[in-house]
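# A predicted structure for the sequence below; I have some questions about it.
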Amino acid sequence: FYWLRLADVYLLYAESCMNTNDNVTALEYINKVHRRAYGYDPNTTSPVDYASLTSKTMASDPVLSNDPLKYERYAELFGEGSWWFDVCRWKIGSDEASYYNKTKGGPILWDNNRSYAQPIPVSEIITNPMLKQNPGY
């Protein structure tokens, strides 16, 4: 089991470039991952490259459909346990919950005040009184 793959590093780097307004570098690193997935040389432009950071993707989900970074993280890292952390970091939980609407267990009830965090066990708070319980618990 790999803890961190080069595609994950490239996409995290692209996200940090976007956050510092270096959109050219961000797009290049997103395209490196996308090219490799389609069998092209990651370091050379290809016919599958995204033209911008808002290009159409293959997703029908409105959060992912025009956001290559989010889509590539979703598609490339599917099943590797990182999507939940992406959802929390980007604060897109309510959008994703409304898109998927329900699970086999019933409707998804999303609460922005509670759903991004779990309760801290009371035993931990007793052990360390500096800890504060997460909001809503």
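Noted; the coordinates are in hand. Just so it is clear, the model here is predicted, and its values are computed rather than measured.
# helix or strand for the spatially most central residue of the chain, which one?
Nearest to the geometric centre of the chain sits Asp86, at 3.2 Å (Cα atoms, centre = their mean). Using DSSP states H and E, Asp86 sits within helix 83-90.
# Can you mark which positions in that helix are buried?
Using 16 or more other Cβ atoms under 10 Å as the test for burial, helix 83-90 gives 86-87, 90. Glycine gets a C-beta too; all of them are placed from N, C-alpha and C.
# thinking Asn43 is in contact with Lys32, fair?
Yes: with contact taken as Cβ atoms under 8 Å, Asn43 and Lys32 are classed as touching, separated by 7.0 Å.
# higher neighbour count, those two?
Lys32 (23 against 10; other Cβ atoms under 10 Å).
# Listing partners with orientation, what would you give for the worst-scoring helix or strand of the chain on mean pLDDT?
Least confident helix or strand, the chain: strand 102-103 with a mean of 87, by mean pLDDT, DSSP states H and E. Strands that pair with strand 102-103, judged by DSSP bridges, come out as strand 106-107 (antiparallel).
# So what touches the strand it pairs with?
The set of residues external to strand 106-107 that reach it, using Cβ atoms under 8 Å, 6 or more residues apart in numbering, is Asn101.
# Start the count at 23 instead of 1 going forward.
Right, with 23 as the first residue, what we last looked at is strand 128-129.
# returning to what we had before: what about the residue nearest to the residue nearest to the centre of the chain when sequence neighbours are not counted, helix or strand, and which?
Using Cβ to Cβ, 6 or more residues apart in numbering and skipping residues adjacent in sequence, the residue nearest Asp108 is Arg95, 5.5 Å away. Here Arg95, judged by DSSP H and E, is contained in helix 90-98.
# I'd like to know which elements that helix is packed against.
Applying 3 or more Cβ pairs under 8 Å, 6 or more residues apart in numbering; DSSP states H and E, one finds that helix 90-98 contacts helix 28-41, helix 45-59, helix 105-112.
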